[in-house]
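Chemist: pasted the sequence and its predicted model underneath.
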Amino acid sequence: MSEHMSLSNELLVKLIESADTARNNSYAPYSKFRVGAALYAVTDKDESVIITGCNVENASYPAGNCAERTAVFKAVSEGYNNFKAIAIVGGYDSYTSPCGICRQVLREFVAPGDFYVIMAKNKTDYVIKTLEELLPMSFGPDNLTGV
Ligand code: THU
């Protein structure tokens, strides 16, 4: 299923279940494409937390927000910004891959080779990629040092 076995199966299942539960709150009256995301964060005290998000659409279409960014913005605003993985559940018959904007938003807070994106149809059928694989040669905070 995956070569990224630094994530335990128990954690994977928990993240996918959390994303699927968050998907229930999706507000997607326009696309009807419901998405949930579950972000795994650790704290300075080595505690871990799961922060979820769903897509929130808007009658003014571009004002809508993806599930992944909802989760990131919730997390950062609550004091969590050390992220290790995110699970995404969209359609149950296909893997939902994060859009380019969400990849860049995630990039701000993680080491791309050390952050796992779990794209799941269900608890046993998923694909895992690092953010480095999904967003190679990315532009990040380091690029602005010395400016
Ligand atoms: N969407 C997400 O929430 N995450 C993704 O990874 C892909 C797309 C949302 C945005 C919009 O509400 C709907 O899915 C259709 O694009």
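Modeler: Perfect, I can see it now.

Chemist: where does pLDDT dip in the protein?
Modeler: Residue ranges of the chain with pLDDT under 70: 1-5.

Chemist: how many neighbours does Ile118 have?
Modeler: By other C-beta atoms under 10 Å, the residues close to Ile118 number 25. Backbone N, C-alpha and C define where each C-beta goes, glycine included.

Chemist: report the beta-bridge partners for the closest residue to it other than its chain neighbours.
Modeler: Nearest residue to Ile118 in three dimensions, chain neighbours excluded: Ala87, at 4.2 Å (C-beta to C-beta, 6 or more residues apart in numbering). As for beta bridges, Ala87 partners with Ala38, Ile118 under DSSP bridges.

Chemist: isn't Ala87 right up against Leu7?
Modeler: No - applying C-beta atoms under 8 Å, one finds Ala87 not in contact with Leu7, separated by 9.7 Å.

Chemist: of those two, give the one with the bigger neighbour count.
Modeler: Each of Ala87 and Leu7 has its neighbours counted (other C-beta under 10 Å); Ala87 has more, 32 against 17.

Chemist: which ones are touching that one?
Modeler: Going by C-beta atoms under 8 Å, 6 or more residues apart in numbering, Ala87 touches 12, 15-16, 18-19, 37-38, 40, 118, 120, 126.

Chemist: narrow those residues to those in strands?
Modeler: Under the assignment DSSP state E, the contacts of Ala87 contribute 37-38, 40, 118, 120, 126 to strands.

Chemist: nearest spatial neighbour of Gly113, skipping sequence neighbours?
Modeler: In this structure, Gly113 finds its nearest non-sequential neighbour in Glu132, 4.2 Å apart by C-beta to C-beta, 6+ apart.

Chemist: what about the one you found, how many residues nearby?
Modeler: 16.

Chemist: helix, strand, or coil at it?
Modeler: Glu132 falls in the helix class when you classify it by DSSP: H, G, I helix; E, B strand; the rest coil.
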